[in-house]
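Enquirer: This is a predicted model, with the sequence first.
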Amino acid sequence: MARSYVIAIASEKGGVGKTTLATNLAIYLKGLSEDLPVTLFSFDNHFTVDQMFQLNKTTNPHHVGHLFSGVNPAELLVDGQYGVDFIQSSRDLFAYQQHVKNIEQLAQVISRSSLQGIIIIDTSPILDIYTRNALYAADRIIVPIKDTPSLENCRNLAGFLAENKRSKSVLKLLPCLIDTRIHFDGPFRNSYQLLKAYAINRGYRCFEGFIAKSPKVESLATNPAGKVYPVITHGRNTEVHLQLTHLARQVYLDYLEHGPVRINEIADNLYDQEEWFLKEYNARIGNLQPNCLFCDAPILKNDIWPPTYFLENETGRFSGFIEEDCLFTLLLQDCYPELKGKKQQRLLQEILGSTTHRTFLLLQKNQIDAEQAQIDVFRLDQQGDRISGRSVILKNQERPYRQDKRNLLSLFDLAANGKKSDYQQLLIRQSASNPLSILEQQNYLEWKTIFNRVQIDQQLDKNT
Ligand SMILES: Nc1ncnc2c1ncn2[C@@H]1O[C@H](COP(=O)(O)OP(=O)(O)OP(=O)(O)O)[C@@H](O)[C@H]1O
Ligand SMILES: [Mg+2]
């Protein structure tokens, strides 16, 4: 499957010409090869891309934020002017940040999509999660440099690549906004030559040539029509036109020579990873006890799955669900004996928040001596901090055993694999609609992470 070659335009310095470069490069590339699909989008919070490429008012409701929320990227594309496809910009990417889980997400989304040709991503001058996603996905990162500070800023981009075990040669610098009227004495006669020498001296690759500062180009973004005009149509008689043509040729040759290496690499890793995730998922399904861990009755009744709590013992080889009704019966019996009457369960649900979407319940046993143990039952928030609950002392001989098989301590025994010492268990409520979702890699790891954090906190508490 043909995949896309991703170019990110990045610099932590603002106003160096990133957006001007990204938008114009898209058009010049299209000019070099009409059949080459070119897609453009921007993680900046202004609408230059839209102002330059929008043909008519589009009915497409999507924008770049939706790249991270599971919408197929092909559905995000809008047919733009000059044959360039674009994704509409967003004013409020910050609000969508919750969907961006890691820096690999964009690369994975692109690798699963049908997008082809060249994708150009304009970034904001901040190394935020969106910029880092763009950098991670990129075959080529073009860095406009207009002065020494913007050159110094490349260090963080190189650092990002090093952290992700990628070569610094992914970066290619381009002197931009060069004032060709300024001349120096000595070996470097102008700021272009000086910047290029500095860049090479610091081990960076550079494109041939530069982009000059041109009043005509600057004026293309300011006109009564509220449009942003491209250099190719409105600045053909400037030197920037020739410079962009030369740059586009270099980029195109790079693309022809190397192709979409990065996204192929991501796709291969993803394939291996997904195979592995599936294996892990199946193993977890295999370890699941078929019935309620408390009452041992089948959980599924008349094809209906009631609310349950998932638990897994220390070895990870024993896991299952306890019905919420069963768990609350246990808790009422052992921890909240004063709650009697009809409304008791509802009250307990309020205390332990079991009606909220993702509820974590911490059950914790601290053996005081051979006779008694302290039992903590706490509802935790998404970070693992305690919200509500209580601690009770249960004496071994005073355990209010039920007629049927188990009480809270025996649930601990079961989960602790017969181990009698202190023990913690983090239960997570599973909704009836998708009870097995906890076994999926992402959810399972999130649950594990919180459980680990809770265990570390408990250990620290004990040591202090
Ligand atoms: N070659 C050029 N000649 C003259 N002006 C230019 C040139 N390239 C860009 N500009 C102008 O410089 C300003 C900054 O350019 P641009 O918005 O492309 O930079 P940016 O790096 O994307 O900025 P930001 O970091 O704020 O996103 C704009 O007003 C733009 O019109
Ligand atoms: Mg910009």
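Expert: Received the coordinates, thanks. For clarity, every value in this text was computed on a predicted model and none was experimentally measured. Ligands and ions are numbered 1, 2, ... in the order given.

Enquirer: from here on, contacts and neighbour counts on C-alpha atoms
Expert: Noted.

Enquirer: hang on, residue 437 packs against residue 446?
Expert: No. Residue 437 lies out of contact with residue 446 (Cα atoms under 8 Å); the separation is 11.8 Å.

Enquirer: Provide a list of residues in contact with residue 221.
Expert: 227-229 (Cα atoms under 8 Å, 6 or more residues apart in numbering).

Enquirer: Likewise for residue 93?
Expert: Residue 93 sits in contact with 43, 45, 64-65, where contact means Cα under 8 Å, 6+ apart.

Enquirer: Among the residues you listed, name the buried ones.
Expert: 43, 64-65 (16 or more other Cα atoms under 10 Å).

Enquirer: how about the contacts of residue 93 in TSV, adding distance to residue 379?
Expert: Below are those laid out as TSV (distance: Cα to Cα, whole Å):
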residue	distance to residue 379
43	38
45	39
64	37
65	33
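
Enquirer: out of those residues, which touch ligand 1?
Expert: Among the contacts of residue 93, not one lies near ligand 1 by Cα under 6 Å from any ligand atom.

Enquirer: Looking at these, which one is closest to ligand 1?
Expert: residue 45 (8.3 Å; Cα to the nearest ligand atom).

Enquirer: Get me the contact residues on the stretch 51-200 of the chain for ligand 1.
Expert: 124-125, 177.

Enquirer: Now flag whichever of the contacts of residue 221 is closest to ligand 1.
Expert: Using Cα to the nearest ligand atom, those come closest to ligand 1 at residue 228, 9.0 Å.

Enquirer: how about the strands in the stretch 201-350 of the chain?
Expert: Ranges of strands within the stretch 201-350 of the chain are 205-206, 308-312, 319-323, based on DSSP state E, counting those that start in this stretch.

Enquirer: before we move on, back to that, lowest-confidence entry in the contacts of residue 93?
Expert: For these, the weakest pLDDT value sits at residue 45, with 82.

Enquirer: Helix, strand or coil: sort out the residue nearest the centre of the chain for me.
Expert: Note on the chain: the residue nearest the mean C-alpha position is residue 101, at 2.3 Å, using Cα atoms, centre = their mean. Assigned by DSSP: H, G, I helix; E, B strand; the rest coil, the conformation of residue 101 is coil.

Enquirer: domain assignment for this structure?
Expert: 4-270, 288-463 (automatic domain parsing).

Enquirer: if you compare these, which one is most tucked away?
Expert: Highest mean neighbour count among the domains of the chain (mean count of other Cα atoms under 10 Å): domain 4-270, with a mean of 18.

Enquirer: so how far is that domain from its chain's centroid?
Expert: The chain centre lies 21 Å from the centre of domain 4-270; the measure is Cα atoms, centre = their mean, to the nearest Å.

Enquirer: Stretch 309-321 too?
Expert: Offset of stretch 309-321 from its chain centre (Cα atoms, centre = their mean): 28 Å.
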